[in-house]
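Participant: model this:
(one chain, ligands or ions: 2)
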Amino acid sequence: MAKVFISLGSNMENRYAFIQEAIERLRAVKEIDVTDISSVYETDPVGYVDQPSFLNLVVCIQTKLEPLELLSETQHIENHLGRKRDIKWGPRTIDLDILLYDQENMKVERLEIPHPRMWQRAFVIVPLMEVAPDLFIHSLDLSIKDVHKQLKDKEGVSEWKP
Ligand SMILES: Nc1ncnc2c1ncn2[C@@H]1O[C@H](COP(=O)(O)OP(=O)(O)OP(=O)(O)O)[C@@H](O)[C@H]1O
Ligand SMILES: Nc1nc2c(c(=O)[nH]1)N=C(CO)CN2
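Facilitator: Residues are numbered from 1 along each chain as shown. Ligands and ions are numbered 1, 2, ... in the order given. All right, here's what the predicted structure looks like:
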């Protein structure tokens, strides 16, 4: 079984409903066990800024699926939930990005793991820190909690409550 971290984001229509539905569809895949779900964060758009704010979170799963098989499942969920790709980095009903797959390093046309932009994105790092604290800095004077708070306050990331 592989341990995988997936980032989810939505900034169209009922964002929270799309996120809930995407998680339920992940759960419905028999080779996927959703083991941890971060808080949901309201985040300022990054990259393409002329769009509504996002809801972002990160989930941890255990899976027997190989990376490309998992990508097919996540893209299946995106398509089912009406994902359009009219504008690069533009508005989306739902987006699922595979961040980490065990200690896998791969780059093929359809898939690069670790996700190439994950470490630049507070909307990824802050929720990821919740579900994978051991991934982060091991020799900080600050506690992970302090780093987490600093990141949230600084990077247009605020905790969102349904
Ligand atoms: N780690 C990954 N997770 C998900 N898709 C990936 C990954 N690496 C490469 N891809 C490829 O990226 C393509 C574009 O994905 P998408 O349109 O969701 O990009 P995006 O989420 O808007 O932008 P970004 O990749 O910067 O988050 C997909 O068709 C997929 O094949
Ligand atoms: N806040 C935020 N900004 C983004 C996001 C996202 O999920 N959240 N996704 C992008 C492309 O994947 C580009 N910009």
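
Participant: make it CA atoms for all contacts and neighbour counts henceforth
Facilitator: Will do.

Participant: Please report how far residue 159 lies from ligand 2.
Facilitator: 13 Å (C-alpha to the nearest ligand atom, to the nearest Å).

Participant: roughly how far apart are residue 127 and ligand 1?
Facilitator: 15 Å.

Participant: does that residue sit in a helix or strand, and which one?
Facilitator: Residue 127 is located in helix 122-131, with elements delineated by DSSP states H and E.

Participant: Remind me what that helix packs against, helices and strands.
Facilitator: In this structure, helix 122-131 makes packing contacts with strand 41-43, strand 54-63, helix 144-154, judged by 3 or more C-alpha pairs under 8 Å, 6 or more residues apart in numbering; DSSP states H and E.

Participant: quick one: which of these has the weakest pLDDT on average?
Facilitator: Note on the helices and strands packed on helix 122-131: helix 144-154 shows the lowest mean pLDDT, a mean of 69.

Participant: any idea which helix or strand of the chain has the worst average confidence?
Facilitator: Ranking every helix and strand in the chain by mean pLDDT, DSSP states H and E puts helix 144-154 at the bottom, with a mean of 69.
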